[in-house]
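Peer 1: this is a predicted model, with the sequence first.
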Amino acid sequence: MMIVRHGFMMVGEPFAGKTVVIDCLAEMLTLLESQGLMDEFKVHYKVINPKAITMGQLFGQFDPVSHEWTDGVVANTFREQASAGNDDRRWVLFDGPVDTLWIESMNTVLDDNKKLCLMSGEIIQLSNSMNLIFETNDLSQASPATVSRCGMIYMEPTSLGWRPLLNSWLTTLPQKAQDAVGKLLTGLFDWIVDKALRYVFKCCKEIVATPQINRVQSLMKIIGIFMAKTFQDDENPDEKVLRTWTQCFFMFGCAWSLGASVNTEGREKFNEFLRELLTSKPPPTVGKIDLPFPEAATIYDFMFDKPSSGRGRWANWTESLKAISFEKNQKLSEIIVPTVDTVRYTYLMDLYVSSGTPCLFVGPTGTGKSVYIKDKLMSNLEPQYVPFFINFSAQTTANQLQGMIMSKLDKRRKGVFGPPMGKKSVIFVDDVNMPALEQYGAQPPIELIRQYFDHEMWYDLKDTTKMKLQDLIIVGAMGPPGGGRNPISPRFIRHFLITSMLEFDNDTLTRIFTNIISHYFKTESFPPEFHLIGNQIVQATLLVYKAAIDNLLPTPAKSHYVFNLRDFSRVILGVLLIKPSSVENKRTMIRLWTHEVYRVFNDRLIDDDDREWLFKQCRDVVNNSFKDKFDDVFESLKGNGGGKIVSDDMRSLLFGDYLGTVDEPDCQNRLYEEVPDVGQLTEVIETCLVEYNNTHKTPMNLVIFRYFLEHLSRICRCLKVFGGNALLVGVGGSGRQSLTRTLR
């Protein structure tokens, strides 16, 4: 193709071998030149990711103030390659998404004219020894005019398969491991991998789609990490024991690679499938499985405990659980209750970071991804690692990302950057898939990180010189695509070991929040009888939360009916705003819990039928979980007609810290308490309004009415909770600005 066309495209999914083919061809031609064979020439090539920089930085741009022209990466690269004074082959490799934003500017280069026309008026003529190579995932955004000018080479990963990857990986193991367990590993892969990949594809649902060969590569990486540690501890392990260890490494790796990205139901299915497959007749090269998984729990509940000598054993994650200890003045939002999940994911994170392997944790909102990773990086890292945190948003750009990372790196020598010598930088990127898609679907920040993965280099944004990066480890976290989060490129995701972090089961949720409530009650010296109601509050919240997920489903008209574990925690943290002096008896706590449920769940509802459903749900939970009569608990809310409590009566249920506004101006010291009479609240607001009008040039003449008080109470509660934020949504004239000013 290179002989026929000076420009061609290599198209294919990840693991098709595109990059390796180009590298091998360049090395082969260079080797032929060094040996004086076939009249070949040495190859020099430069790599550019066109989506990792802006269009102006790619081709060149005029300064908006001085109107001075600055050359871009392409202009400087082409000029350098075209002006070379020898016949060596010179390639320019565009490794990134192809779209009409930048590829249309290359049409004159891809023509027989072979000229690059810049906006400055300069025309750069390509030399006969230059070639343009485009490496991309697909051509969905390329125009026919561009495609017709290029040669096409399509490479398919399914044609290559994972076995060449296995053969290549086996050569990287220590020689003694190759001799002792090379055939065993080959037999295990042949026996398990294809069947497992097929089962996951047909019977399980992944949280994030991952290339099949990526999962096989992840399995190899996990086994490689264990093998490296094994031979680091003992250079001559017993061959029989090493065989048993290798089987266990493979089995553990299968759970956290081939079945690591599936959801909760998929884990249960994959557990049964792998257990059944391992108990079937193995091939002769594998032999009997010496240490099968214990039957007590799933394959995801065990780690392989490898001793310095002996066969080892399967240890349940619960064995590593530490005793719960809280600092006296620790904030509730900073408490991390040890659970099986904290032990499991911290172990995996430690395994990956210590080996320098990029890892990506994927899971729904509220599953603790960011909390676990930040706790690990801030508190439990070895001294040679330097943590650094980046949060992606929809507006994050590649230039911003490059600037943030480069500000934390030192210049080691000319053109080489990294953390301080002897250290490695662990960069945690939160919300990886949040950057907004460009017009044609690219995500520049992600392309910038991928350029580091593939080529370990970036370009200086000022003078377009090449910058080599060293000793960076990327740890990522993201939610499933959807709801503002975007699907990310498979060429990016292929570099990661992916682990799904699933929603907590009921036992874990109960353990976490029961301990938090118990700690708060002890710290604030609540009477002993309130410790029992703490457990009831957690169980009652769990019932309402599960029922809301099952019944209050999002629709086009109710797209905000999306509930997650953060809503669960908001109810608990709202209950813990109360102080002992504000609690008369158990029924006060029940009313407080109901108020917090209404603020978290009811305030999001827009339909009377949904509000009535939540009212009935709260009635049933109070009657059954708290073992009290609903109408008696809320007797003070009954209307003039008496009788049973109805949904509209719950509007009078208010808790807040505003009754002491006059006596205690410092909001941190005000008591969060029940509002016994709405009229009392009206007097407080009128007093505050008079004070506001006396101290501001633009007074507000407001009429205080019921809806105003209700909304004001909701906003005050949002601001009282730690990390609470409020977004006021409404049409013009609905009082959003007046409410906000009143809060001052």
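Peer 2: Received, thanks.
Peer 1: and for Asn167, the neighbour number?
Peer 2: If you count neighbours by other C-beta atoms under 10 Å, Asn167 ends up with 10. For the C-beta atoms, the positions are set from N, CA and C on the backbone; glycine is no exception.
Peer 1: export the helix or strand encompassing it as PDB, just CAs?
Peer 2: Using DSSP states H and E, the element containing Asn167 is helix 163-170. Only the C-alpha atoms of helix 163-170 are listed here, as PDB (Å, rounded to 0.1, in the frame of the first residue of the first chain):
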ATOM      1  CA  ARG A 163      -3.600 -16.500  21.300                       C
ATOM      2  CA  PRO A 164      -0.800 -14.500  19.700                       C
ATOM      3  CA  LEU A 165      -1.200 -12.200  22.700                       C
ATOM      4  CA  LEU A 166      -0.800 -15.200  25.000                       C
ATOM      5  CA  ASN A 167       2.300 -16.500  23.200                       C
ATOM      6  CA  SER A 168       3.900 -13.100  23.400                       C
ATOM      7  CA  TRP A 169       3.000 -12.600  27.100                       C
ATOM      8  CA  LEU A 170       4.500 -16.000  28.100                       C
END
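Peer 1: what about the closest residue to Lys46 other than its chain neighbours, neighbour count?
Peer 2: Excluding the flanking residues, the one nearest Lys46 by C-beta to C-beta, 6 or more residues apart in numbering is Thr77, at 5.3 Å. Neighbourhood size, Thr77 [other C-beta under 10 Å]: 21.
Peer 1: ok, now Phe270?
Peer 2: 24.
Peer 1: picking that back up, give me the buried positions along the helix holding Asn167.
Peer 2: 165-166, 169-170 (16 or more other C-beta atoms under 10 Å).
Peer 1: give me the below-cutoff pLDDT ranges for this structure.
Peer 2: 308-309, 639-642, 660-669, 744 (pLDDT under 70).
Peer 1: first-to-last residue distance for stretch 646-658?
Peer 2: End-to-end distance of stretch 646-658 (C-alpha to C-alpha, to the nearest Å): 27 Å.
Peer 1: what sits up against stretch 252-269?
Peer 2: 192-193, 196-197, 199-200, 203-208, 210, 215-216, 218-219, 221-223, 226, 270-271, 274, 298-300, 302-304, 348, 362, 497-500, 502-503 (C-beta atoms under 8 Å, 6 or more residues apart in numbering).
Peer 1: also stretch 330-348?
Peer 2: Stretch 330-348 has contacts (C-beta under 8 Å, 6+ apart) with 256, 300-301, 303, 317-318, 320-322, 324, 326, 359, 361, 368, 371-372, 375-376, 380, 499, 501, 504, 508, 511-512, 515-516, 519-520, 573, 576, 722-723.
Peer 1: could you report the neighbour count for the closest residue to Thr318 other than its chain neighbours?
Peer 2: Closest residue to Thr318 apart from its sequence neighbours, by C-beta to C-beta, 6+ apart: Val340 at 5.9 Å. Residues near Val340, counting by other C-beta under 10 Å, number 20.
Peer 1: the residue nearest to Asp410 when sequence neighbours are not counted: neighbour count?
Peer 2: In space, and not counting its chain neighbours, Asp410 is closest to Pro420: 5.7 Å by C-beta to C-beta, 6+ apart. Residues contacting Pro420 under the criterion other C-beta under 10 Å number 13.
Peer 1: and Arg591, how many neighbours does it have?
Peer 2: So Arg591, with other C-beta under 10 Å, has 18 neighbours.
Peer 1: I'd guessed it sits against Pro676; true?
Peer 2: No: under the contact definition of C-beta atoms under 8 Å, Arg591 does not touch Pro676, with a separation of 11.0 Å.
Peer 1: give me the neighbour count for Pro481.
Peer 2: Residues within reach of Pro481, counting by other C-beta under 10 Å, total 15.
Peer 1: and the gap between it and Asn214?
Peer 2: With the distance defined as C-beta to C-beta, to the nearest Å, Pro481 ends up 17 Å from Asn214.
Peer 1: what do you get for Asn694?
Peer 2: From Asn694 over to Asn214 the distance is 66 Å, taken as C-beta to C-beta.
Peer 1: more neighbours: which of the two?
Peer 2: Legend: neighbour count by other C-beta under 10 Å for Asn694 and Asn214, higher for Asn214 (22 against 8).
Peer 1: ok, the nearest residue to that one once chain neighbours are set aside - contacts?
Peer 2: Once flanking residues are discounted, Asn214 sits nearest to Arg494: 4.8 Å by C-beta to C-beta, 6+ apart. Counting by C-beta under 8 Å, 6+ apart, Arg494 touches 14-15, 211, 214, 217.
Peer 1: over to Gly187?
Peer 2: 282-286.
Peer 1: nearest residue to it other than its sequence neighbours?
Peer 2: Thr285 (3.3 Å).
Peer 1: contact partners for the one you found?
Peer 2: Contacts of Thr285 by C-beta under 8 Å, 6+ apart are 183-184, 186-187.
Peer 1: gap between stretch 547-564 and the chain center?
Peer 2: In terms of C-alpha atoms, centre = their mean, to the nearest Å, the centre of stretch 547-564 is set 23 Å apart from its chain centre.
Peer 1: what sits up against it?
Peer 2: With C-beta under 8 Å, 6+ apart, stretch 547-564 has contacts from 364-366, 483, 545, 567, 601, 604-607, 610, 613-614, 617.
Peer 1: make it 10 Å
Peer 2: Residues outside stretch 547-564 that contact it (C-beta atoms under 10 Å, 6 or more residues apart in numbering) are 364-367, 479, 482-483, 503, 544-546, 567-568, 597, 600-601, 604-607, 610, 613-614, 617, 620-621, 729.
Peer 1: buried among those residues? Make that a PyMOL selection.
Peer 2: A single PyMOL command is used to select the members of the contacts of stretch 547-564 judged buried by 16+ other C-beta under 10 Å:
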select buried, resi 364+365+366+367+479+503+544+545+567+568+597+600+601+604+605+610+613+614+617+621
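Peer 1: restricted to helices, list the contacts of stretch 547-564.
Peer 2: Taking DSSP state H, the ones among those that sit in helices are 544-546, 567-568, 597, 600, 610, 613-614, 617, 620-621.
Peer 1: setting the sequence-adjacent residues aside, check what's closest to Phe304.
Peer 2: Cys248 (4.4 Å).
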